[in-house]
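A.B. asks: Let's see this in three dimensions:
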Amino acid sequence: MLQAEVDLPGVRLTAAKSLEGHELTLEEIGTLSEDVLPGWHEEWATRAQDAFRLLRVQALEAACRSMAAAGHHDLAAQAGLAALAAEPLRESAADALICAHLLQGNRYEALRCYQEFARHLKDELGVRPDPALSERFDAIASSKAEQNGGEIPMSQTAEIEHLRGETVRDSRLPGR
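C.D. replies: Numbering: from 1, shown residues only. The predicted structure follows:
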């Protein structure tokens, strides 16, 4: 737990460093992963918590993107995971983490992240991911299809269509 009087100024400097495009250490990512005054519910505290949460999520996203671009994929993934943990329905956090996985060449992790995020959005809000994020997913799925001789297995197709909220049509199944 961060102590508001002691730790907050230093954490804000770390956030500013990240937002300016500088890389972070694992310790700094860990510090940005913590809430300020958790469990406090007074009005003044919740305003401070909300403002700090936004700052830290923006800083973690920025760190994820800048470190992925610089080739520091492990730290980028940690920053992206922390951003998504802080705000599980934040599409820009999911997008940053997916990009980091793709830049590292981890298509499986990128697909898994997208699928979990899409499921979470559908369950919590009843919506689909942003079309730009879905297009990135489609590109990954297409490359997977190419590896399988041009077809995505039916189980994978059903999952993709389910996440999009579409009905799966397969001529091999009776009545479809």
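
A.B. asks: The longest helix along the chain: which residues count as buried?
C.D. replies: In the chain, taking DSSP state H as the definition, the longest helix is helix 43-69. Residues of helix 43-69 classed as buried by neighbour count (16 or more other Cβ atoms under 10 Å): 48-49, 52, 55-68. Where C-beta positions appear, they are placed from N, C-alpha and C, glycine not excepted.

A.B. asks: For the next helix or strand after that helix, what is the distance to the chain centroid?
C.D. replies: Later in the chain than helix 43-69, the nearest helix or strand by DSSP states H and E is helix 73-86. Per Cα atoms, centre = their mean, to the nearest Å, the displacement of helix 73-86 from the mean C-alpha position of its chain is 8 Å.

A.B. asks: Helix 73-86 vs helix 43-69, what angle?
C.D. replies: Taking axes from the mean of the first three to the mean of the last three Cα atoms, to 10 degrees, one finds helix 73-86 and helix 43-69 inclined to each other by 150 degrees.

A.B. asks: what's helix 73-86 in contact with?
C.D. replies: Helix 73-86 is contacted by residues 23-26, 29-30, 32-33, 35, 53, 56-57, 60-61, 63-65, 67-68, 90, 93-94, 96-97, 100-101, 103-104, 109, 117 when judged by Cβ atoms under 8 Å, 6 or more residues apart in numbering.

A.B. asks: same check, this time on stretch 45-58
C.D. replies: Under Cβ under 8 Å, 6+ apart, the answer for stretch 45-58 is 4, 8, 11-12, 15, 19, 32-33, 35-38, 40, 83, 86-87, 90, 93.

A.B. asks: now do stretch 92-101
C.D. replies: The contact list for stretch 92-101, computed with Cβ under 8 Å, 6+ apart, reads 57, 60-61, 64-65, 67-68, 73, 76-77, 79-81, 83-84, 86-87, 107, 109-110, 113-114, 117, 129-130, 132-133, 136.
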